[in-house]
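S.K.: Generate a structure from the sequence data that follows.
(chains A and B)
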Number of protein chains: 2
Amino acid sequence: MSESASPSYFERHIFFCLNERTNGQACCAQHRAQEAFERCKSQVKALGMAGPGKVRVNKSGCLDRCAAGPVAVVYPDAVWYTYVDASDIDEIVESHLKNGRVVERLLTPPEAGR
Amino acid sequence: MSESASPSYFERHIFFCLNERTNGQACCAQHRAQEAFERCKSQVKALGMAGPGKVRVNKSGCLDRCAAGPVAVVYPDAVWYTYVDASDIDEIVESHLKNGRVVERLLTPPEAGR
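M.R.: Modelled structure (predicted):
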């Protein structure tokens, strides 16, 4: 990868796939991804972690790892998570976004793709 | 930042802010962000650069740097771009996404936020 001269604008930037498919194929939106995104965003804000130099919580289109959905990715760390419920989101916020510790048990299987 | 043990699933992952505001405030969608996203995506595909271990082109919600919009960010490099037209997109594809060279002239001003 190429290196940026300056530090990342957001220390940690998490993207939640909120893609919704209407053709019957699996998609993250079927798995309450919107709810997870909103929970993450509100917690980050409540903890005072939102903003430049800190954390940004974003929605995104299809992240193309549907087989492992619902997924979210934390950059610039490039760490992918497959979450199930609200407590998973809370753990990602507390452990990774706040303290920089990867939540091993929620890591997306390395080979899981579309 | 915390370090991931494994390489990034996508070598380079670019997110285009496609946020649309309806309250009269500035937003990337006013600046043909959708068109830029589609051009980037189709070029990456045409060049055979799309896929795991390679490049992913994504749409995202508001990236919160509206003052410098339209913006896109390349991760894990954490390099932000402010583009204007199609030739800017072509240069980002050819220089950064394909060859790992940052396009200095298109870098978003470091302090530009919402």
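S.K.: Neighbours of A:Glu104, how many?
M.R.: Neighbour count of A:Glu104, defined by other C-beta atoms under 10 Å in any protein chain shown: 9. Glycine gets a C-beta too; all of them are placed from N, C-alpha and C.
S.K.: From A:Val79, how far out is it?
M.R.: Distance of A:Glu104 to A:Val79, computed by C-beta to C-beta, to the nearest Å: 10 Å.
S.K.: before we move on, what about A:Ser95?
M.R.: 11 Å.
S.K.: Next, see if the helix ranked longest in chain A gets close to chain B.
M.R.: Longest helix of chain A, by residue count under DSSP state H: helix A:33-46. No. Helix A:33-46 does not reach chain B (C-beta under 8 Å from any C-beta of the partner chain); its nearest approach is 8.9 Å.
S.K.: next helix or strand past that helix?
M.R.: Using DSSP states H and E, the next helix or strand after helix A:33-46 towards the C-terminus is strand A:55-60.
S.K.: Now look at that next one and say if it contacts chain B.
M.R.: Yes. Strand A:55-60 reaches chain B (C-beta under 8 Å from any C-beta) through A:56, A:58-60.
S.K.: could I get that strand in CSV with only the CA atoms?
M.R.: Taking Å, rounded to 0.1, in the frame of the first residue of the first chain, the C-alpha atoms of strand A:55-60 are listed here in CSV:
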residue,chain,number,x,y,z
VAL,A,55,-14.0,8.2,15.2
ARG,A,56,-16.4,8.4,12.2
VAL,A,57,-19.3,6.0,11.7
ASN,A,58,-20.5,5.7,8.1
LYS,A,59,-23.0,3.9,6.1
SER,A,60,-21.8,2.4,2.8
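S.K.: Okay, buried residues for it please.
M.R.: By 16 or more other C-beta atoms under 10 Å in any protein chain shown, the buried positions in strand A:55-60 come out as A:55-60.
S.K.: how about those residues, which pair is most distant?
M.R.: A:Val55 and A:Ser60 (15.5 Å; C-beta to C-beta).
S.K.: Residue numbers of chain A in contact with chain B?
M.R.: So far as C-beta under 8 Å from any C-beta goes, chain A lies against chain B at A:1-4, A:6-9, A:11-13, A:15, A:52, A:56, A:58-65, A:73, A:75-80, A:96, A:100-102, A:108, A:110, A:113.
S.K.: Right, I'll leave it there.
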